[in-house]
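In: how would this look folded up:
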Amino acid sequence: MSDTSSAATRPTTPVLDFWCDLQCPDCRTALEDLRALRARYGDRLEVRLRHFPLEKNKYAFATAQAAEEAAEQGQGWPYVEAVLGRVEELGRKGEPFLVEVARELGLDAEEFDTALIDGRHILIVDADQAEGKALGVTGTPTYVIGGERLDGGKSQEGLRARIEEIADRLLAGQG
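Out: Below is the predicted model:
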């Protein structure tokens with residue numbers, strides 16, 4: 001799931017891939033850094049959500065599919081932020097919670113429910129997970145920028161500064 005379509009059309013725009021399990025409390029913690037990065041760089045840095053649902057999280061795979069449906073309906077990041085902000089509620093309520101959040105954001109909840117049933121976004125989630133494994137992603141959150149993998153997890157300390165350092169270097173190399 002891409003942050004901006006305009007950034008994707010410019011081949012020189014640096015890309016930050018954010019490997020995430022949307023039921024992961026550590027990924028929720030990473031949201032503050034992502035917001036700050038998106039605010040600092042705007043469309044000069046493409047931030048892409050990449051799905052890496054962990055087996056230990058019962059609803060992670062369904063939530064990844066739901067995020068793709070939200071993106072298709074034009075509300076990808078707001079949906080991701082809403083779900084990550086309420087990870088515990090997701091754990092208690094399960095898949096009905098995913099449709100509830102869609103409804104709260106004004107999305108087509110019936111289409112959401114249908115997408116979860118028919119699995120139309122499974123291939124995207126599977127492809128992300130396979131690519132993540134090939135890159136050595138083993139947990140979430142993990143960031144990849146400029147060919148460098150930065151592992152998050154319980155400690156996000158210093159990661160944003162490292163991402164900014166790499167992004168600044170990549171942007172300086174453009175012109």
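In: mind checking how far the residue positioned nearest the centre of the chain is from Asp128?
Out: The centroid of the chain falls nearest to Leu49 when counting by CA atoms, centre = their mean (2.8 Å). Using CB to CB, to the nearest Å, Leu49 is found at 9 Å from Asp128. For the C-beta atoms, the positions are set from N, CA and C on the backbone; glycine is no exception.
In: with Glu165 instead?
Out: For Glu165, the distance to Asp128 equals 26 Å [CB to CB].
In: higher neighbour count, the two?
Out: Using other CB atoms under 10 Å as the criterion, Glu165 and Asp128 rank with Asp128 on top: 23 against 12.
In: assign the more buried one to helix, strand or coil.
Out: Assigned by DSSP: H, G, I helix; E, B strand; the rest coil, the conformation of Asp128 is helix.
In: I figured it hits Phe52, correct?
Out: Yes: applying CB atoms under 8 Å as the test, Asp128 and Phe52 come out as touching, 6.7 Å apart.
In: now do the shared contacts for these two.
Out: Residues touching both Asp128 and Phe52 (CB atoms under 8 Å, 6 or more residues apart in numbering): Trp19.
In: in the longest helix anywhere in the chain, what's buried?
Out: Longest helix of the chain, by residue count under DSSP state H: helix 25-41. The neighbour-count check on helix 25-41 (16 or more other CB atoms under 10 Å) flags 26-31, 33-34, 37-38, 41 as buried.
In: just checking, what packs against that helix?
Out: In terms of contacts (3 or more CB pairs under 8 Å, 6 or more residues apart in numbering; DSSP states H and E), helix 25-41 is packed against strand 15-20, strand 46-51, helix 76-84, helix 159-172.
In: mind redoing it with 6 Å?
Out: helix 76-84 (3 or more CB pairs under 6 Å, 6 or more residues apart in numbering; DSSP states H and E).
In: the helix it packs on: what's the following helix or strand?
Out: Next in sequence after helix 76-84, counting helices and strands by DSSP states H and E, comes helix 87-93.
In: chain center to that next one, what's the gap?
Out: Chain-centre distance of helix 87-93: 18 Å, with CA atoms, centre = their mean, to the nearest Å.
In: output that helix as CSV - backbone C-alpha positions only.
Out: The C-alpha coordinates for helix 87-93 follow below in CSV (Å, rounded to 0.1, in the frame of the first residue of the first chain):
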residue,chain,number,x,y,z
VAL,A,87,-4.9,-3.2,18.6
GLU,A,88,-6.4,-4.5,21.9
GLU,A,89,-9.9,-4.0,20.6
LEU,A,90,-9.0,-5.9,17.4
GLY,A,91,-7.8,-8.7,19.6
ARG,A,92,-11.1,-8.8,21.6
LYS,A,93,-13.6,-8.3,18.7
